[in-house]
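Asks: Sequence first, predicted coordinates after that:
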Amino acid sequence: HYNFDESNTTDAVNSGSDPWPMVAEAPDVWVEGQINGAINMGWTTGVAEDFTKITDAVTISAWIRLDPNYVVAGENMAIVRNANGALNTVAPFGQFDFGLVATGDGTIFNLRASVGAGPNIIRARDTAPMPFDEWQHVAFTADGRQLRLYRNGQLVAMTSYLDSINAADTAWMSAGARMVDDGGDPPTITPESGEEEYLSGYLDDLGIWSYAWGASVIESIYTQGMAGNDLTTAVLPDLPPVPVDITFTTPTLNQDGTITLQWDGAGTLQEASGIPATWTDSANQDNPQDVSAAAGTMLYRVVGQ
């Protein structure tokens, strides 16, 4: 989480769970924002040299305000992205690209989110033009099934897909431009020549979760941001517990005709007596335990806690 409330520094503090700051090119880029301060991306770009990579799902939320004095007709704009140059379906893989795409005569800009998933780039785009000189809340979520795009708390586009988000080959994350590194050690990360995609305006309260928030939470983030609450003070629901892998060991058929069930991981043993299954919690939750090899079909599963 970057709230961009700094002054006279090049480092935007990360108040989330990651330790890595967002490093700007110059110290004189801090302006009044939607929530306290903001960063003027018309004057700089930002790079976080590392971040916790997305695995199964993601939510990205931010406030932006486009400045018509900096806009270049026909050029896309990058808000935040994890990609070394283009977001590719071949190495080097990136994970996401959140920004605006120039349409029409090049002076209309539509919000667009993209994720790399398997052999495809999944995209969702808002059809309404992004206004100038107005703070707008923008967000997207991806969960392996749907990519959902939001503006000002409302769903504006959705694309269905079925795949995992690709593992990142690019360690760093950039804001305000499409960046590339020179392959050095350490790499020098700069805007890509001819494909800079500078964000012409301000950026505020950037948050990234490795979880896909529901529509009601996105709307709440917007509403609370309108009231001046950033992501450190906004009231959000608790994240669900991290799933724990549960594995059945191979059932053992005993000499007395019983079957020994045993599993790894915490959960509740459930059973059903036929197909289609109507699952109920088993009366005996011992692990391991012996069950009767009764006539007919018995199904067992363990549901994570």
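Replies: That came through fine.

Asks: Which residue is the nearest non-sequential neighbour of Glu75?
Replies: Using CB to CB, 6 or more residues apart in numbering and skipping residues adjacent in sequence, the residue nearest Glu75 is Ala102, 6.0 Å away. All C-beta spots, glycine's among them, are computed from the backbone N, C-alpha and C.

Asks: That neighbour should be in a strand, yeah?
Replies: Yes: assigned with DSSP: H, G, I helix; E, B strand; the rest coil, Ala102 falls within a strand.

Asks: how much space between it and Arg125?
Replies: 12 Å (CB to CB, to the nearest Å).

Asks: Could you pull out the strands in the stretch 51-200 of the chain for me?
Replies: Taking DSSP state E, counting those that start in this stretch to define them, one finds strands in the stretch 51-200 of the chain at 58-66, 77-82, 96-103, 108-117, 120-125, 136-142, 146-151, 154-160, 173-175, 179-181, 189-191.

Asks: give the contact list for the residue nearest to Glu75.
Replies: Ala73, Gly74, Glu75, Asn76, Met77, Ile108, Phe109 (CB atoms under 8 Å, 6 or more residues apart in numbering).

Asks: hey, what's the spatially most central residue of the chain bridged with?
Replies: Nearest to the geometric centre of the chain sits Val58, at 2.3 Å (CA atoms, centre = their mean). Applying DSSP bridges to Val58 gives these bridge partners: Ala142.

Asks: isn't it right up against Ala212?
Replies: Yes: under the criterion of CB atoms under 8 Å, Val58 is in contact with Ala212, at a separation of 6.7 Å.

Asks: can you list residues touching both of the two?
Replies: Counting by CB under 8 Å, 6+ apart, the contacts common to Val58 and Ala212 are Thr141, Ala142.

Asks: for the helix or strand bottoming out on mean pLDDT in the chain, packing partners?
Replies: Using mean pLDDT, DSSP states H and E, the weakest-scoring helix or strand in the chain turns out to be strand 247-248, at a mean of 80. Applying 3 or more CB pairs under 8 Å, 6 or more residues apart in numbering; DSSP states H and E, one finds that strand 247-248 contacts strand 263-264.

Asks: let's see 10 Å
Replies: Strand 247-248 sits against strand 263-264, strand 299-304, with contacts defined as 3 or more CB pairs under 10 Å, 6 or more residues apart in numbering; DSSP states H and E.

Asks: before we move on, back to that, which of the contacts of Ala102 are buried?
Replies: Glu75, Asn76, Met77, Phe109 (16 or more other CB atoms under 10 Å).

Asks: Using CSV, list the CA coordinates for stretch 185-203.
Replies: The C-alpha coordinates for stretch 185-203 follow below in CSV (Å, rounded to 0.1, in the frame of the first residue of the first chain):
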residue,chain,number,x,y,z
ASP,A,185,23.2,-6.4,-12.1
PRO,A,186,21.5,-4.5,-10.6
PRO,A,187,19.4,-3.6,-13.5
THR,A,188,18.7,0.0,-14.6
ILE,A,189,14.9,0.3,-15.1
THR,A,190,13.8,3.1,-17.4
PRO,A,191,10.8,3.9,-19.6
GLU,A,192,10.7,1.8,-22.8
SER,A,193,11.8,4.0,-25.8
GLY,A,194,8.9,4.7,-28.1
GLU,A,195,6.5,2.9,-25.7
GLU,A,196,6.7,5.0,-22.6
GLU,A,197,3.0,5.1,-21.8
TYR,A,198,3.5,7.9,-19.3
LEU,A,199,0.6,8.5,-16.9
SER,A,200,-0.4,12.1,-17.5
GLY,A,201,-1.7,13.1,-14.1
TYR,A,202,-1.8,12.2,-10.4
LEU,A,203,-1.8,8.9,-8.6
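
Asks: Return the set of buried residues in it.
Replies: Neighbour-count burial for stretch 185-203 [16+ other CB under 10 Å]: 187, 189-192, 196-203.

Asks: now swap in stretch 53-62 and tell me
Replies: Lys53, Ile54, Ala57, Val58, Thr59, Ile60, Ser61, Ala62.

Asks: Let's have those in TSV, adding distance to Ala113.
Replies: Formatted as TSV, these follow (distance: CB to CB, whole Å):
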residue	distance to Ala113
Lys53	17
Ile54	13
Ala57	13
Val58	10
Thr59	11
Ile60	8
Ser61	11
Ala62	11
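
Asks: Considering those residues, which is situated nearest to Pro237?
Replies: Lowest distance from Pro237 to those (CB to CB) belongs to Thr59, with 12.4 Å.

Asks: I figured the closest one was touching Val138, is that so?
Replies: No: at 11.7 Å, Thr59 does not count as touching Val138 under the criterion of CB atoms under 10 Å.
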